[in-house]
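# Please find the sequence and the predicted model below.
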Amino acid sequence: MSTPDKQPLISLSGICRSYPGVLANDNVSLTINKGEIHGLIGENGAGKSTLVKIMYGSVRPDSGRIVFNGDEVSIDNPAFARRLGIAMVFQHFSLFEPMTVLENVALGLAGQSADAALAGRLVETGERYGMPVDADRTVDELSVGERQRIEILRCLLQDPELLIMDEPTSVLTPQESNALFVTLRKIAEEGRSILFISHKLDEVRALCETSTVMRGGKVVAQCDPREESAATLAKLMVGEDLAEVERPPRSASGAPIFEINDLNVPAPYPGASALQSISFAVSPGEIFGVAGVAGNGQAELLAALSGETRSARSSVTVNGESCGHEGPRARRSRGIGFVPEDRLGHGAVPDFALTENAFLTGHITEPLIRSAMIDHARTRTFAEKIRATFDVRAASVETLAGQLSGGNLQKFILGREILLNPRVLVVAHPTWGVDAGAAVLIRSRLVELAQTGAAVVVVSQDLDELLQISHRISVLTSGTLSGSMATADVTAEELGLLMMETDGGQYAHTA
Amino acid sequence: MRILPELEPRTGDPGHWRFTTVLVALALTIIAGCIMFSLLGHAPLKALHVFFIKPVSSFNGLAELGVKATPLVLCAIGLALCFRANVWNIGAEGQLTLGALAASWFAITWYESESLMLLPVMIVAGVVGGMFWAGIPALLKTRFNANEILTSLMLVYVAQLLLAYLVHGPWKDPDGFSFPESRLFPDASAVPRILPGTRLHAGALFALASVAAAWLMLGKSLPGYRIRVTGSAPSAARYAGFSANAVVWLVLLISGGLAGLAGMLEVAGPIGQLVPTISPGYGFSAIIVAFLGRLHPVGILFAGLALALSFIGGELLQIEMGLPLAVTLVFQGMLLFFLLGSDVLLNYRLVWRKGATPAGSAHD
C-alpha cells in the first residue's frame, strides 16, 4: 500500500504556538504524503492536539507555514479546513443521540437535508469501506464502535483528502480496531491521506507507514514505525526507558473482603444499561479486572460500587458486612476508595486548588476538620504528601486541578485515594488518556497497593492493561458480568470475542 | 468578503482584571449616565453630582446609605450562597415580604405590648417567614424537580398580593381612615437606632454579621465547601457523598431567612408599620449586588453600598431636578449590563475575521 510517487499533500513547517507558560508547538514541521497513513504519537501534553487543531483551523499558529496541495494556505477556521478537504474524527463524538443516523450525517454537512439521496450515498459509502450502517436507526441505539463509523462516514461524504483521526481505537475492542484498520487502509488506497493519532504503539506499527514522534512540543523523530520496536518508539516518545509493570504473584488470598452478590440496578435513563444479577468477589491482595466496551454498564456498575447509586442491602458486602443500601460516605468509612472515570468534574473539581481537592474525599476518613472548620494546614500537608509521593507535576498544591494534564490529575486522584489507606479500591479506567510515564507509575502503584493487602477492582477498556496487572478478569456486556477467568489463562482475542458475543449481535457485521 | 466579529475564548488566568472589570463597568456606567442626562436636557456633571456625591456628602447621608444597604446586603449574601450552589433563587423580594408579614403579625397583634421579648420574637418570625417562603421552591425542586427560577419568582407576586390583601383588609388600621396601612408598630418592636440623629439602625450590624458569617462559612466550613463543590462540579459532589437536595434546602433556607430578616428590619425599623409597598425592589436589586460583588461576601458589602447609593441618588434627582425615579433602575440596569459585558470580554477576546465562514456551520 505504499505509494510509489510520494507527493506531499500537506506540509507544515516551523509551526509555533504558545499558551501562557507553555510552548505547545515549538518549530514543528510535518509532511503528509498523498495516500499515506501517517502516525502521530506522543504523550499527553506533547503538543499533538495543538498541532492537529492548527491543521483543522480551530487554533491559529503564532508562526509557521502550511502548504496544502502546493499552495500556501492560512487555515482560519474548521469550515475552511473542510473546504480544503481536511476532515477530522474527534475523540469525543458530536452526535445527537435522539436523532437518526441520517439526520446526524445531514447536520454535519452544510446545507444538506436528510433525504433519500443522502441515505443512498450514506449506505453506498458505508458498504464501499466495509462499514455498513442503518440510516434510520437513532444514535442512542448504537454502540460506540458504530457511532464512530457514523463520524467517519460523515467525514468521507465530504470527500476529504486528509482524514484526521484522534485516538480512534481508545473506545474499541481489538476486533473492532482491526476492522477499523481494514477500513482505513481502503481509504488510503484511494489516495486519501490519514493522520492517525495514538499512543498505542503496536497499532501505529501495524497501521502506519510513517510516523512522527512528538515530545515536549517538538518533533523528536520521524521514522517508519514498522522498522522500530514498540520499546524504541516508547523511548522516543517518553525520552527514557520505561520500566514494565509486572503482575505480582497473588499474595495471600484468603476469604474475600469485597463481595458483590446478585447486584441488580435498573437503567437510570433510557438507553443506559441495566445491571443484571452481577456477582463477584475480591480477596485481599487481589486485583480483579472488569473488561468490556464502554456503554455496557460500566458507568452504572461503578456508581453502584461507589454508592452513588444505592442498591439492595445485601448486594454489596465489605468484610462480611452488607452495605449495598449505603451512600458514598458510609462506604468510604468502611474503607472503600474510588477513582472515577471522569477526572475533571467527578474525581476532582476543576476550578478548585489541589489542596481543596485533597479535602474532597480526604475529610471523610482523615481528621481534616477542626472545631467545625476546615483545617487548612493539615489539608495542605495531605495535598503536599500526595504531590510528593505520586509525582504530581504541578507548580504547587495551590494550582487549580483543571490546569493539570490528564496524567498528573489522575496521579493526584489515585494518590489521594491510596493515601487514605483503603481496604478496597475501585478504579475506573486508570490510565485512559494518560501519558506512558504516568501510566507505568499508576499501574505499579495499583500493584503495590494490592501487595499491601488491599482488594483492587479495575474497570477498564484497555485489555492490555487488565492482562498486565489483574489476577482475574470478567467481561461486562449489556449489564451482565461473565464468570471470572484467571488472567494467566486467557488472551486478548478470547476476551474480545466475549465482549462482542453477548452484546445482542450489535457488532456482528464488521468482522 | 465581509469582516465579522467573533468571540474567541481567552486562556490563562485573568489576574487582577477579574476585579478591575468591576471598576471598568462602574466607569462606563457613569459615562453612559452623562450621555443620558445630556439627552434629557440636564447638565450631566450637576446630575452626576446629585446622584453620586451629594448623597454621601453629609453625615446623615452616609447613615442613609447604611439604611438602604442593609436589606440589599442581607438579601445578596443569601443569594450569593444560592448562586454559588447553582440554585437560582430570584425570589428574595417575596421572601423579604413574607418575613415582614410574619414579623408584623406579632407587632399588630400585640400593638400595645411593652415586652422586651417582642423584638426578638419578631426577628425570629421574620427569619422563619422568609425561610418558609424559600422552602416552597426548595420542596418543589427537590421533590418534583421544578425549576426554582420560575417558582421563586412567581412566589414574589403571591407574597406581594398577600401583603396587599392584608393591608387593605384584615390588618388595616381600624383608626386609619381606611388608608391601606396597618397600625403603627409599638415602640417595643422598633429596631434600635445605633447612630443618634439618623435612621441607621441595628439591622446594619446584622448585615455586617451576615457578611462575616458567609465569608467564614464559604471559605472555611464543611457546609460552605459542600455548597461550592455542588455548584462547581455536581458529579464531584455526588462522588464525595454530598446530597444535592440537602444543599438546595440549605442555601434556600439561609437565603430565605436572610431576606425575611431584611423584610422584618424594614417594617420594624425605618417604616414602623405595614404599608402596601415595603421595598423599592431590594430583593431584585440584590441580584445585581450579588453579581457586582462577584458572589464574594466582602465584595457584596461594597456592592451593596454602591447600589444603595443609586437608590438614594435617584430619589435626590427626583426631588432636586425633577427627573423620574426610574433613573435609579436605568442606572442599575446599565451597571449590570456593563458588568456582564466586561465579563464576556474578560473570558473572550473579540477578533475580526474575514467572513468566509457560512453562518451556522456545524463543528465550529
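Happy to help now that I have it.
# Make sure residue A:433 is actually in contact with residue A:406.
Yes - assessed by C-beta atoms under 8 Å, residue A:433 is found in contact with residue A:406 at 4.8 Å. (C-beta placed from N, C-alpha, C; glycine too.)
# now stretch B:166-186: mean pLDDT?
The average pLDDT within stretch B:166-186 is 91.
# what's it in contact with?
Contacts to stretch B:166-186, defined as C-beta atoms under 8 Å, 6 or more residues apart in numbering or on different chains, come from residues B:101, B:104, B:107-108, B:110-114, B:118, B:164, B:267-268, B:272-276.
# Repeat the analysis, applying 6 Å as the threshold.
The contact list for stretch B:166-186 (C-beta atoms under 6 Å, 6 or more residues apart in numbering or on different chains) reads B:107-108, B:111, B:113, B:272-276.
# again with stretch B:341-356
Residues contacting stretch B:341-356 (C-beta under 6 Å, 6+ apart): B:1-10, B:14, B:17, B:21, B:24-25.
# ok, 7 Å please
By C-beta atoms under 7 Å, 6 or more residues apart in numbering or on different chains, the surrounding residues in contact with stretch B:341-356 are A:76, A:80, B:1-10, B:14, B:17-18, B:21, B:24-25.
# Can you select the buried ones among the residues you listed for me in ChimeraX?
Selection of buried members from those for ChimeraX, criterion 16 or more other C-beta atoms under 10 Å in any protein chain shown:
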select /A:80 /B:21,24,25
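# Mind checking which of the contacts of stretch B:341-356 land in strands?
The members of the contacts of stretch B:341-356 that map onto strands under DSSP state E are B:2-9.
# is it possible to export the residues you listed to a markdown table including distance to residue B:153 and pLDDT?
As requested, the ones in strands among the contacts of stretch B:341-356 are arranged in a markdown table below (distance: C-beta to C-beta, whole Å; pLDDT from 0 to 100):
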| residue | distance to residue B:153 | pLDDT |
| --- | --- | --- |
| B:2 | 41 | 64 |
| B:3 | 41 | 72 |
| B:4 | 36 | 73 |
| B:5 | 33 | 77 |
| B:6 | 34 | 75 |
| B:7 | 29 | 77 |
| B:8 | 35 | 73 |
| B:9 | 31 | 73 |
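# Next, give me the two most distant ones among the residues you listed.
B:2 and B:9 (22.6 Å; C-beta to C-beta).
# where exactly do the strands run in chain B?
B:2-9, B:348-355.
# A strand includes residue A:422, no?
No - counting by DSSP: H, G, I helix; E, B strand; the rest coil, one finds residue A:422 to be coil, located in no strand.
# Endpoints of stretch A:307-325, how far apart?
8 Å (C-alpha to C-alpha, to the nearest Å).
# Flag every buried residue along it.
Buried, per 16+ other C-beta under 10 Å, within stretch A:307-325: A:307-311, A:315-319, A:323-324.
# Which ones among those residues also lie next to chain B?
residue A:308 (C-beta under 7 Å from any C-beta of the partner chain).
# can you tell me which of the buried residues of stretch A:307-325 are in strands?
Per DSSP E, the buried residues of stretch A:307-325 map to strands at A:316-318.
# Make a markdown table from those residues and add pLDDT to it.
Formatted as a markdown table, these follow (pLDDT from 0 to 100):
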| residue | pLDDT |
| --- | --- |
| A:316 | 95 |
| A:317 | 94 |
| A:318 | 94 |
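# Turn the residues you listed into a markdown table, columns for distance to residue A:298.
Listed next are those as a markdown table, based on distance: C-beta to C-beta, whole Å:
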| residue | distance to residue A:298 |
| --- | --- |
| A:316 | 17 |
| A:317 | 21 |
| A:318 | 21 |
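# sorry, back to before: closest to residue A:280 out of the ones in strands among the contacts of stretch B:341-356?
Nearest to residue A:280 among the ones in strands among the contacts of stretch B:341-356, with distances taken as C-beta to C-beta, is residue B:9, at 44.4 Å.
# Quickly note the distance from that closest one to residue A:423.
Distance, residue B:9 to residue A:423, using C-beta to C-beta, to the nearest Å: 44 Å.
# With residue B:320 instead?
75 Å.
# Now do the helices for chain B: every range, in order, please.
B:17-39, B:44-48, B:59-84, B:92-109, B:118-144, B:148-168, B:203-220, B:222-232, B:234-239, B:244-266, B:282-292, B:297-321, B:326-347 (DSSP state H).
# who touches both of residue A:433 and residue A:406?
Common neighbours of residue A:433 and residue A:406 (C-beta under 7 Å, 6+ apart) are residue A:44.
# Distance to chain A added to the ones in strands among the contacts of stretch B:341-356, as a markdown table?
Shown next, in a markdown table, are the ones in strands among the contacts of stretch B:341-356 (distance: C-beta to the nearest C-beta, whole Å):
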| residue | distance to chain A |
| --- | --- |
| B:2 | 13 |
| B:3 | 12 |
| B:4 | 11 |
| B:5 | 14 |
| B:6 | 9 |
| B:7 | 13 |
| B:8 | 9 |
| B:9 | 11 |
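# still on that earlier bit, just the buried residues of the contacts of stretch B:166-186.
B:107-108, B:111, B:113, B:272-274.
# And the furthest pair within those?
B:113 and B:274 (16.1 Å).
# Dihedrals phi and psi, residue A:275?
phi -90, psi 130 (degrees, to the nearest 10).
# which ones are touching the closest residue in space to it that isn't next to it in sequence?
In space, and not counting its chain neighbours, residue A:275 is closest to residue A:265: 4.2 Å by C-beta to C-beta, 6 or more residues apart in numbering or on different chains. Applying C-beta under 7 Å, 6+ apart to residue A:265 gives the contacts A:274-275, A:300, A:304, A:309, A:311.
# Try it again at 8 Å.
Taking C-beta under 8 Å, 6+ apart, one finds A:274-275, A:300, A:303-304, A:309, A:311 in contact with residue A:265.
# Select from these the one having the most neighbours.
In terms of neighbours by other C-beta atoms under 10 Å in any protein chain shown, those top out with residue A:275 at 25 neighbours.
# wouldn't it be in contact with residue A:297 here?
Yes - with contact defined as C-beta under 8 Å, residue A:275 counts as touching residue A:297 (5.5 Å).
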